[in-house]
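S.K.: Pasting the sequence and the predicted model now:
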Amino acid sequence: MPIEIKMPALSPTMEEGKLAKWLVKEGDTVSSGDIMAEIETDKATMEFEAVDEGVIGKIAVPEGTEGVKVGTVIALLAEEGEDASALADADVSAAPAPAPAPAPAAKDEDAAAPASSAPAPSPSPAPAAAKSDDSRIKASPLARRIAADKGLDLATIKGSGPNGRIVKADVENAEPGKAEAPAAAAATAPAAAPAVSNAASILDDRVPHTIETLSGMRKTIAKRLTQSKQEAPHIYLSVDVKLDALMDLRAQVNETLSSRGLKVSVNDMLVKALGMALVEVPECNVSFAGTELIKYERADISVAVSIPNGLITPIVPDANSKSFSQIAKMTKDLGTRAKEGKLKPEEYQGGTASISNMGMMGIKSFSAVVNPPQGMIMAIGAGQKQPWVMDDGSLGVATVMSATGSFDHRAIDGADGARLMAAFKDFVENPLGMIA
């Protein structure tokens, strides 16, 4: 019996991916742990290892294929004693579809409910309508479990969470047979028109052009940023920050670290400053979750890194308690592997807040878009020499940068955002406080 090799879920949010490259061919012998293919997810290109031993009998999905659903049979493996050449003409189209349960849903929101068997005919009066496909309904994993325990059909429950997501309170208050009915009517409503026209409908043939298919990463960026701007009311708060003391301390730190081959950047120090400011003002270290507010006890800072296909935000966990040198080593390693597409999902998924620094590109100031489900992001501009009133009242020249915090106003009040900006400014202008 041939072994079906299926498209793996390489991250909790992965629903489909691109089979970028096969590293084996039909007739090759593979062992457990051998690298078989490179698969491009929405954030990175990852290697896919063999689990079983055998001979590749058939490659069902050619390399370069995009939009391959998780669970799709991509190859057949002949076991010991089995004729691999006989699998070349095998039909994999009729292979059983994967159960919905392990299929991850978008944005870590849904865990597909187990498929229920069709109800047997019953003489009992007024049989309930067949349950809808719960895997397409936005609901938190906890809400799904409670609904399954109570025998509730999620399609009949109105969600009170973000974008109509069903949360714990919605299913706890619902009772079988008494859920709201409008959802049934909604199922027959015509599908909404796509938000963006396709290229053919907006193309001007008079202008020389090329058309490039969006990568999975670019599609995800477009989806998440649109969601952020549509759902999260942004509030922007800016401060000017004097950098001279931080730069002096950086020079001393780097002189000390030179023998170890380490070098701390200004951005590394700003990552720590934001982490410490979030711990000092915990009201800003939060995520909005509909009827709930998630409060984090440590600061995991997502650092925006530009890569050829878009943008990725590798995470510096517990940034508030790490030393400058630890952050420098981590950001260098994460940045290198991000550009190579070699990050692990847990290294870029999550984070409690973000920082985006465009100062090295000469950008004086900008406002960033909140990275959902986080509650804030700090945008850093370039440090520039300018007139500055010193502490003794005299006029001098200082290196000053602009920092702009973008906050999800549903979760963070303006006054709390202002406190965070003040704390961040204080740590940067008095950097010894970060190592005391």
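M.R.: Arrived safely, thanks for sending.

S.K.: In three-state terms, label residue 142 for me.
M.R.: Per DSSP: H, G, I helix; E, B strand; the rest coil, the local secondary structure of residue 142 is helix.

S.K.: So it sits against residue 168, correct?
M.R.: Yes: using CB atoms under 8 Å, residue 142 is in contact with residue 168, at 5.2 Å. Every C-beta, even on glycine, is put in place using the N, C-alpha and C of the backbone.

S.K.: So those two - more neighbours on which side?
M.R.: residue 168 (18 against 13; other CB atoms under 10 Å).

S.K.: Can you read off the backbone torsions of that one?
M.R.: For residue 168, the backbone dihedrals (degrees, to the nearest 10) come out as phi -50, psi -50.

S.K.: which ones are touching it?
M.R.: By CB atoms under 8 Å, 6 or more residues apart in numbering, residue 168 lies in contact with 140, 142, 143, 146, 292.

S.K.: can you redo those as a markdown table with pLDDT?
M.R.: Shown next, in a markdown table, are those (pLDDT from 0 to 100):
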| residue | pLDDT |
| --- | --- |
| 140 | 70 |
| 142 | 70 |
| 143 | 76 |
| 146 | 80 |
| 292 | 93 |
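
S.K.: So which of these is the closest to residue 22?
M.R.: Of all these, residue 22 sits closest to residue 140, with 37.4 Å by CB to CB.

S.K.: Surely that closest one is in contact with residue 170?
M.R.: No: Residue 140 is not in contact with residue 170 according to CB under 8 Å; the separation is 9.4 Å.

S.K.: Going by neighbour count, list what's buried in the strand or helix carrying residue 418.
M.R.: Per DSSP states H and E, residue 418 falls inside helix 414-429. Residues 416-421, 423-429 are the ones in helix 414-429 that count as buried (16 or more other CB atoms under 10 Å).

S.K.: can you put those in a markdown table and add distance to residue 238 and pLDDT?
M.R.: Output for those, formatted as a markdown table (distance: CB to CB, whole Å; pLDDT from 0 to 100):
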| residue | distance to residue 238 | pLDDT |
| --- | --- | --- |
| 416 | 16 | 97 |
| 417 | 11 | 97 |
| 418 | 11 | 97 |
| 419 | 15 | 98 |
| 420 | 12 | 98 |
| 421 | 8 | 98 |
| 423 | 15 | 97 |
| 424 | 11 | 98 |
| 425 | 11 | 97 |
| 426 | 16 | 97 |
| 427 | 17 | 97 |
| 428 | 14 | 97 |
| 429 | 15 | 96 |
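
S.K.: any chance of those residues in TSV, plus distance to residue 263?
M.R.: Output for the buried residues of helix 414-429, formatted as TSV (distance: CB to CB, whole Å):
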residue	distance to residue 263
416	35
417	32
418	34
419	32
420	28
421	28
423	27
424	23
425	25
426	25
427	21
428	19
429	22
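
S.K.: Show me where the stretch 1-150 of the chain has its helices.
M.R.: Residue ranges of the helices in the stretch 1-150 of the chain, as given by DSSP state H, counting those that start in this stretch, are 141-150.

S.K.: can you list contacts of the helix holding residue 418?
M.R.: By CB under 8 Å, 6+ apart, the surrounding residues in contact with helix 414-429 are 235, 237-239, 241-243, 245-246, 269-270, 272-274, 276-278, 280-281, 283-284, 376, 378, 403, 405, 407, 433-434.

S.K.: from those, which would you call buried?
M.R.: Among these, those buried by neighbour count (16+ other CB under 10 Å) are 235, 237, 241-243, 246, 269-270, 272-274, 276-278, 280-281, 283-284, 376, 378, 403, 405, 407, 434.

S.K.: any idea which of the buried residues of helix 414-429 is the one closest to residue 211?
M.R.: So of these, ranked by how close each gets to residue 211 (CB to CB), first place is residue 417, at 41.6 Å.

S.K.: excluding its backbone neighbours, what's nearest that closest one?
M.R.: residue 407 (4.5 Å; CB to CB, 6 or more residues apart in numbering).

S.K.: repeat for residue 372
M.R.: Per CB to CB, 6+ apart, closest to residue 372 is residue 228, 4.9 Å.

S.K.: Helix or strand: which one has the one you found?
M.R.: Using DSSP H and E, residue 228 falls in helix 216-231.

S.K.: which helices and strands does that helix pack with?
M.R.: The helices and strands touching helix 216-231, judged by 3 or more CB pairs under 8 Å, 6 or more residues apart in numbering; DSSP states H and E, are strand 16-22, strand 310-312.

S.K.: Out of the buried ones among the contacts of helix 414-429, list just those in strands.
M.R.: In strands, judged by DSSP state E, the following of these are found: 235, 237, 241, 242, 376, 378, 403, 405, 407.

S.K.: Distance check, the fourth one against residue 395.
M.R.: Using CB to CB, to the nearest Å, residue 242 is found at 14 Å from residue 395.

S.K.: Now for these two: what residues contact both?
M.R.: residue 388.

S.K.: Show the contacting residues for residue 403.
M.R.: Contacts of residue 403 by CB under 8 Å, 6+ apart are 238, 239, 240, 241, 378, 379, 380, 381, 421, 424, 425.

S.K.: From residue 288, how far out is the first one?
M.R.: Spelled out, that is residue 238. 22 Å.

S.K.: Kindly report the same for the fifth one.
M.R.: When distances are taken as CB to CB, residue 378 and residue 288 turn out to be 18 Å apart.

S.K.: Which secondary structure element is home to the residue nearest the centre of the chain?
M.R.: Centroid-nearest residue in the chain: residue 349, 4.6 Å away (criterion: CA atoms, centre = their mean). For residue 349, there is no helix or strand it lies in under DSSP H and E.

S.K.: One more: residue 401?
M.R.: Per DSSP H and E: strand 395-408 holds residue 401.

S.K.: Just give me how far that strand sits from the chain centre.
M.R.: Using CA atoms, centre = their mean, to the nearest Å, the distance from the centre of strand 395-408 to the centre of the chain it belongs to is 28 Å.

S.K.: who does it pair up with?
M.R.: Neighbouring strands of strand 395-408 in its sheet, by DSSP bridges, are strand 234-242 (antiparallel), strand 376-380 (antiparallel), strand 384-389 (antiparallel).

S.K.: Which positions in it come out as buried?
M.R.: Buried residues in strand 395-408 (16+ other CB under 10 Å): 398, 399, 400, 401, 402, 403, 404, 405, 406, 407, 408.

S.K.: Adding pLDDT and distance to residue 5, write those residues out as CSV.
M.R.: Below are the buried residues of strand 395-408 laid out as CSV (pLDDT from 0 to 100; distance: CB to CB, whole Å):
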residue, pLDDT, distance to residue 5
398, 94, 61
399, 95, 56
400, 96, 57
401, 96, 51
402, 96, 52
403, 97, 49
404, 97, 48
405, 97, 47
406, 97, 44
407, 97, 46
408, 96, 42
